[in-house]
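*Asks:* have a look at this fold, sequence not included:
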């Protein structure tokens with residue numbers, strides 16, 4: 001199973017930026033799709049963005065389109081989520097996911113992102 005290590009969360013003022021990183025233990029079919037999800041208390045985990053190691057298939061949820069950018073560095077086995085123009089509603093625990101299909105496979109432990117006013 002692919003092991004994932006996330007970093008980069010923290011506290012930021014609304015309108016600010018953060019960059020999350022997720023490093024995978026391997027780059028294989030099991031980690032073909034690298035994705036970010038987020039979850040707030042009492043809510044289901046929701047899709048944020050996904051990409052492949054080649055960057056050929058990149059998707060965003062409508063709520064973050066134009067503000068967040070997902071990218072992959074295959075040599076470093078690391079996927080990034082650049083988050084700009086952050087809003088209060090972006091506050092959540094962000095999880096990295098690696099799988100043959102987004103939402104399946106392995107999950108990281110999560111990193112907290114808190115946006116304050």
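*Replies:* Good, I have the coordinates. Every value quoted in this text rests on a predicted model; they were computed, and no experiment measured them.

*Asks:* spatially central residue for the chain, please.
*Replies:* residue 36 (2.7 Å; CA atoms, centre = their mean).

*Asks:* which residue, other than its chain neighbours, is closest to that residue?
*Replies:* residue 48 (4.3 Å; CB to CB, 6 or more residues apart in numbering). Yep, even glycine has a C-beta here, placed from its N, CA and C like the rest.

*Asks:* three-state assignment of the residue nearest to the centre of the chain?
*Replies:* strand (DSSP: H, G, I helix; E, B strand; the rest coil).

*Asks:* packing partners for whatever helix or strand the residue nearest to residue 36 lives in?
*Replies:* Assigned by DSSP states H and E, residue 48 belongs to strand 46-52. If you count contacts as 3 or more CB pairs under 8 Å, 6 or more residues apart in numbering; DSSP states H and E, strand 46-52 packs onto strand 33-39, strand 59-60, strand 68-73, strand 78-83.

*Asks:* and the gap between the residue nearest to residue 36 and residue 98?
*Replies:* Going from residue 48 to residue 98 by CB to CB, to the nearest Å gives 14 Å.

*Asks:* which of the two has more neighbours?
*Replies:* Between residue 48 and residue 98, counted using other CB atoms under 10 Å, the more crowded position is residue 98 (28 against 24).

*Asks:* so residue 57 touches residue 50, yeah?
*Replies:* Yes: assessed by CB atoms under 8 Å, residue 57 is found in contact with residue 50 at 7.4 Å.

*Asks:* so what sits against both of those two?
*Replies:* Here residue 57 and residue 50 have residue 33 as joint contacts, going by CB atoms under 8 Å, 6 or more residues apart in numbering.
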